[in-house]
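Asks: quick one: sequence plus predicted model below, questions after.
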Amino acid sequence: MELYNYRHSLAHVLAQAVQRSIDPFVQLGTGPAVDDGFYYDMLFSEEIVFGEDQLKPLQKIMEGVVKE
């Protein structure tokens, strides 16, 4: 259960980091914890293109959110 709670919290951290750094108007869908991690369904604004090159910077922002 502890791992589930950790993953659940990280899904929220991911959503907050995306809103802060990539698309403040992102539409958030579901973001559950799953057996091997977590995910968050998101619909970005039309002009936003999210690519793999944004993962490392997004991770740094997530780390900042956690520190807060």
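Replies: Arrived safely, thanks for sending.
Asks: correct me, but Val65 touches Ala15?
Replies: No - Val65 is beyond contact range of Ala15, at 9.7 Å (criterion: C-beta atoms under 8 Å). C-beta: built from backbone N, CA, C; applies to glycine.
Asks: give the buried residues for the helix or strand containing Leu3.
Replies: Here Leu3, judged by DSSP states H and E, is contained in helix 2-21. Of the residues in helix 2-21, Arg7, Leu10, Ala11, Val13, Leu14, Ala15, Gln16, Ala17, Val18, Ser21 count as buried by neighbour count, 16 or more other C-beta atoms under 10 Å.
Asks: just checking, next helix/strand downstream of it?
Replies: The element immediately downstream of helix 2-21 (helix or strand, assigned by DSSP H and E) is strand 27-28.
Asks: contact partners of that following strand?
Replies: Residues from elsewhere that reach strand 27-28 (C-beta atoms under 8 Å, 6 or more residues apart in numbering): Ala15, Tyr40, Asp41, Met42, Leu43.
Asks: what pLDDT, on average, does the helix holding Leu3 get?
Replies: With pLDDT averaged residue by residue, helix 2-21 scores 93.
Asks: got a list of contacts for it?
Replies: Residues from elsewhere that reach helix 2-21, judged by C-beta under 8 Å, 6+ apart: 26, 28, 31-34, 37-40, 42, 57-58, 61-62, 64-66.
Asks: cutoff 10 Å now
Replies: Outside helix 2-21, the residues within contact range by C-beta atoms under 10 Å, 6 or more residues apart in numbering are 24-26, 28-40, 42, 44, 48, 50, 54, 57-66, 68.
Asks: how far out from the middle of the chain is stretch 5-19?
Replies: 5 Å (C-alpha atoms, centre = their mean, to the nearest Å).
Asks: should've said stretch 46-56
Replies: Taking the mean of its C-alpha atoms, stretch 46-56 sits 12 Å from the chain's own mean (C-alpha atoms, centre = their mean).
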